[in-house]
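**Student:** Okay, predicted coordinates and the sequence, questions at the end:
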Amino acid sequence: MAAVQGARPLGDGQLLLNLVVHGRRAQGQIVSDTQLAEGTAAYAMPLGQVNVQSSVGAHSFSQLGVYNYRDQTYGLKFEPYWRLAECKSALELGHTDQRYRSSPILDGHYQHLRLEASCRPGGMLAADTTLGITTGQDTPLDPTRPGGVKHRVDAYVRYERSLTLPMVERSGTFTAWYRYSQTRDEQVFSGLLGSDPTQTRRHDGGMGYWLPLKVGWSVGLDVGATSQKSTNSLLNIRNLSIYGGLRWALK
């Protein structure tokens, strides 16, 4: 996996760029190789008492010979400058055009509304905590799409603070996160999978610690777990992942 992020002043605002490329090669014939690429460009500028950010992004995911997905996302985010109890808020509207190249009948438009709050208390408890909730609706282009309209709800929390481990001179960054997602179809996906519309609940959580080595460089470890349960047993998931890495940042 390779990721690049950048930001620079432009006019009265700031231009933000993000690019991620990921590839996985699996041994055996059961699991195919996968490729993922996504990029986002955003422009943020002050407008009265609000910082307004517009963005456009593209995402591509393919499982060679099995699955091929593309989408384009457009967003508009509003961040008021005022704070409440050391927290700043944000409201975002988004629209995503989804294209399933391997199964066009699944194509649709996803529209969402996201509310977010970022807090940083002072003193000994100084830390960054972000909470958010997203609600949206996935409307099919083809009215005969299995499952029909899909409703989604997503809630998440992320906690980050400086932490010094025993016997380590430098202070590193500790991060913990949790996300809950729920989707519900309005119609039955397939009579072969039951007579009720599909409902799926997913829990993602994890933690990580990154320690600076020298200017620009840091080393760290992330541990995460996923549990997904659905009325459609084909969608049940349970996994554990551990990633170690080396980061470099230029300022």
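**Tutor:** In hand now; what should we look at?

**Student:** going forward, measure contacts and count neighbours with C-alpha atoms only.
**Tutor:** Fine.

**Student:** Stretch 24-32 spans what distance, first to last residue?
**Tutor:** 9 Å (CA to CA, to the nearest Å).

**Student:** make that stretch 161-174, sorry
**Tutor:** 6 Å.

**Student:** Next: stretch 183-194.
**Tutor:** Span of stretch 183-194 from end to end, CA to CA: 17 Å.

**Student:** what pLDDT, on average, does that stretch get?
**Tutor:** Averaging pLDDT along stretch 183-194 yields 85.

**Student:** likewise stretch 111-126?
**Tutor:** Here the average pLDDT along stretch 111-126 is 83.

**Student:** just stretch 133-147 next, same as before
**Tutor:** 94.

**Student:** What of stretch 20-38?
**Tutor:** 82.

**Student:** ok, and for it, which residues are buried?
**Tutor:** By neighbour count on 16 or more other CA atoms under 10 Å, the buried set for stretch 20-38 is Ser32, Asp33, Thr34, Gln35, Leu36, Ala37, Glu38.

**Student:** same thing with stretch 153-167?
**Tutor:** Val153, Asp154, Ala155, Tyr156, Val157, Arg158, Tyr159, Glu160, Arg161, Ser162.

**Student:** Need the three-state assignment for Pro143.
**Tutor:** Assigned by DSSP: H, G, I helix; E, B strand; the rest coil, the conformation of Pro143 is coil.

**Student:** For it, give its distance to Tyr100.
**Tutor:** Applying CA to CA, one obtains 15 Å for the distance of Pro143 from Tyr100.

**Student:** where does Thr164 land on pLDDT?
**Tutor:** At Thr164, the pLDDT recorded in the model is 87.

**Student:** quick one: contacts for the nearest residue to it once chain neighbours are set aside?
**Tutor:** Leaving aside its sequence neighbours, Thr164 sits nearest to Ser171 (CA to CA, 6 or more residues apart in numbering; 4.4 Å). Residues near Ser171 by CA atoms under 8 Å, 6 or more residues apart in numbering: Ser162, Leu163, Thr164, Leu165, Leu211, Pro212.

**Student:** Please consider this matter closed, and thank you.
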